[in-house]
Every structure is written in C-alpha cells, then in structure tokens.
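Colleague: no FASTA, just this:
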C-alpha cells in the first residue's frame, strides 16, 4: 500500500478498529470488483483516509456491508456482491485511487525512460478508461484534473530555468499548487457525493493543504534519489542546491514547513461536524504518520522479534492440533508429520484464521482446509496432505 496516513491501530479502541476495517476493506474490495484484483495492490492509504472522513461525516457505518470487514482471507480475492449495495463514497474513493495511480504512471513515463511504467499503463489501460467513465458519470471535473497536471509539468520546467526573483517559499508554493489543487478537487467532490454541500469549502481546504504536504514531503524523501538520477526535485530547485545530501539547516526549514501544514490540516479537521473522538483520532494518526516519515526508526530488530514470535506460536498451535487429533494413533506418526508441517505453514501464513480451535475442529471434521484459511488449499501439496488426512480419519472412524 502507498500513502502517508497509516492506520496507527495503537491509537484505536475496538469500535474504531472495526470502523477502520470496514472502510479500508471496503475500498480495497471495491477496487477489486470494479477494476480487477490486480488494482488492489495499489491501494492508497491517503484515499482510505478520505473515505474515513466521508464515512465519519455521514455518521452511519452500517451502510458499509458487514462482509467487507471480515478478518478471514477465505473469500478475500473472490468476493463479489451487487455494486448497488456499496456506498457511493466508497465507489468514489476507489475511482480516485485508480485516477491517482494513472497520474503516477503518466508522471513516471514523462520523467524517466524506464519501460516498467509503460508496461503497467498498458496493463491498466482498460481499467483507467472504466474509471474515467465512472468519474465523468458523477460529474467529477476530469478536465480540470488533467489541466492542473499538465500545468504541474509546465511550472517545473519554467521555474527550473527561471526563478523570476521569487523567494524559496514562493517557489515551493507555486510548484506545490497544482498537486494541492488536484487533491482539493477530490476532497471537495466528496462533499457532493455524501450530499453535504455546506462543508464543501472545509473539505476543499483540507484537501489543498494535504496535497501541499504530500508534494513537499515527496520532494524531501526523494531528494537524494532525484539528485543521482538528475531528475526534477522541488527542494533542489527552490534552494538551488548542488550537494547530493540535504544539510541540516535545509532539513530544519522543511521540517518546520511540513509541521505547520500538518497543524493547519488538524485545525481544519477540528472544524468538521464529526465527533470529538473521531477528530482526535484523525489528527493523531496524521501527526504520527508524518513523524514516522520525518524521523524513521530502524525496524530490523522489530521484524526479527515479530518473525521469531510468530514461529514459536505456530509451533505451539501445530503441536496442540496434532496431539488432539493423533494422540491415539502412535503407529501413524509418519502421517502426523506432514500434517504437522501443514498446520505449521498455515499458522505462519494465516495466524488469524489458523487458531488452535479451528485446527482441532478441522481435524475432527476430516481436516477441511477451507476452515483454516481457504486460499492456501489451492496449493497442490496441501490438497495431497488433506486427502491423506481424510483417509486417516476414515480409518480411525472404522476402527
């Protein structure tokens, strides 16, 4: 997934987690239903953030089908439902997700000679056409969108060649304006989608500030990479930099400007007609996500701990399942061993689905792999082991 604003589940209570899962899974699955499962891999968390704001403004989480929030992967990539049952704001944000992906590919094609974005654009071309047809149907200003995107390129070229006696801040503001306006259009149209035109100005302002924040943050993060590739970078142009690494004084100025933008967004979120708890949650998540971008911490040790812990839990659950099912069959350990490996892999891949209770229940029911994370049963080796389990269980029943 791409984007700035992450879930930050540590800030959520159980109800807030459920709401986030509804919106996140709803947007992801709608992407799959409307534009193919491949589109789900380019889910943008900032678009999900917009969907969460629109959901909070409607005040009715029940309008999102409960099936969207399932924690099981059994039907994740094969899930289908009537598109009419999906809320309009979820359909809208899914289309915006595709539009932003199209914009990103167009930008990469113009900026580089890489063949990958060209191949991806060909793969997604029909999906992009479907997306634009839908957005045109709901009166989204597509002509303005592409106009501002073209203006972005023109300004980058113009200000790279001629600063026009503008200050650093003025150059950054002019370079960020097209991107900020693009996000403003999407946020503003969201008010129309949920039939709340009275908050159109507020959402438009949040979208504008958010787009400005994203543009400047991307320029900051990509500075060294852009310098090496000799591609355009707003920070490099604004400050007329000639070094491959940002110095501390420039970093402090950028941190200050990014923090100011984040605070302005928070102030505007506070003015929205939503509950105080939702306001604080949105503000905390934005602040925490930006902090993680500006001050990244090494995660190697955390990953090692996570993998080690999952491995230990997987072994415990697999052993408990084997003991529960084969305790009376000491002579058939040669059958129990591949089943143990099966359970071990399931617990490593799908620990949420493969609880000890599900595995034991599956064992007593001739090990139906659809009860232990259905997508894994597509693997031939798992199917072979499953048939071996059924044979073993049938023999045990006969005895």
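Modeller: All right, it came through fine. Quick caveat, the model's predicted, so the values are computed rather than measured. Numbering: from 1, shown residues only.
Colleague: Walking through the stretch 151-300 of the chain, point out its helices one by one.
Modeller: Under the criterion DSSP state H, counting those that start in this stretch, the stretch 151-300 of the chain carries helices at the ranges 168-193, 200-221, 223-229, 234-239, 248-270, 276-294, 300-326.
Colleague: how about these in JSON lines, adding distance to residue 48, mean neighbour count and mean pLDDT?
Modeller: Using the backbone N, CA and C atoms, a C-beta is placed for each residue, glycine as well. JSON lines is the format used below for those (distance: least, C-beta to C-beta, whole Å; neighbours: other C-beta atoms under 10 Å; pLDDT from 0 to 100):
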{"stretch": "helix 168-193", "distance to residue 48": "13", "mean neighbour count": "21", "mean pLDDT": "94"}
{"stretch": "helix 200-221", "distance to residue 48": "13", "mean neighbour count": "21", "mean pLDDT": "94"}
{"stretch": "helix 223-229", "distance to residue 48": "26", "mean neighbour count": "15", "mean pLDDT": "90"}
{"stretch": "helix 234-239", "distance to residue 48": "26", "mean neighbour count": "22", "mean pLDDT": "92"}
{"stretch": "helix 248-270", "distance to residue 48": "16", "mean neighbour count": "16", "mean pLDDT": "94"}
{"stretch": "helix 276-294", "distance to residue 48": "11", "mean neighbour count": "17", "mean pLDDT": "93"}
{"stretch": "helix 300-326", "distance to residue 48": "23", "mean neighbour count": "14", "mean pLDDT": "69"}
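Colleague: as a whole number, average confidence for stretch 3-15?
Modeller: The average pLDDT for stretch 3-15 rounds to 86.
Colleague: picking up where we left off before, which stretch among the helices of the stretch 151-300 of the chain comes nearest residue 15?
Modeller: helix 276-294 (9.3 Å; C-beta to C-beta).
Colleague: one step back: redo the helices of the stretch 151-300 of the chain as TSV? Include distance to residue 341.
Modeller: Formatted as TSV, those follow (distance: least, C-beta to C-beta, whole Å):
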stretch	distance to residue 341
helix 168-193	48
helix 200-221	42
helix 223-229	42
helix 234-239	52
helix 248-270	49
helix 276-294	37
helix 300-326	8
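Colleague: For residue 7, find the nearest of these.
Modeller: So among the helices of the stretch 151-300 of the chain, helix 276-294 is nearest, using C-beta to C-beta, at 7.4 Å.
Colleague: The closest one packs against which elements?
Modeller: helix 45-58, helix 200-221, helix 248-270 (3 or more C-beta pairs under 8 Å, 6 or more residues apart in numbering; DSSP states H and E).
Colleague: wait, which of these is closest to residue 160?
Modeller: helix 200-221 (13.1 Å).
Colleague: so how far is the closest one from its chain's centroid?
Modeller: 18 Å (C-alpha atoms, centre = their mean, to the nearest Å).
Colleague: Which residues outside it are in contact with it?
Modeller: Contacts with helix 200-221, where a contact means C-beta atoms under 8 Å, 6 or more residues apart in numbering, come from 4, 46, 53, 172-173, 175-177, 179-188, 190-192, 233-235, 246, 254, 257-258, 261-262, 264-265, 268-269, 271-272, 290, 293.
Colleague: let's see it at 7 Å
Modeller: Applying C-beta atoms under 7 Å, 6 or more residues apart in numbering, the contact partners of helix 200-221 are 4, 172, 176, 179-184, 186-188, 190-191, 233-235, 254, 257-258, 261-262, 264-265, 268-269, 271-272, 293.
Colleague: how far off helix 248-270 does it point, in degrees?
Modeller: 160 degrees (axes from the mean of the first three to the mean of the last three C-alpha atoms, to 10 degrees).
Colleague: Offset the numbering so it begins at 28, please.
Modeller: From this message on, residue numbering opens at 28, which makes the last subject helix 227-248.
Colleague: Using the record's assignment, carve the chain into domains.
Modeller: 36-321, 327-425 (automatic domain parsing).
Colleague: Now do the same contact list for the closest residue in space to residue 249 that isn't next to it in sequence.
Modeller: Leaving aside its chain neighbours, residue 249 sits nearest to residue 260 (6.5 Å; criterion: C-beta to C-beta, 6 or more residues apart in numbering). Residue 260 is in contact with 246, 249-250, 253-254, counting by C-beta under 7 Å, 6+ apart.
Colleague: wait, which of the helices of the stretch 178-327 of the chain is closest to residue 170?
Modeller: Residue 170 lies closest, by C-beta to C-beta, to one member of these: helix 195-220, at 10.7 Å.
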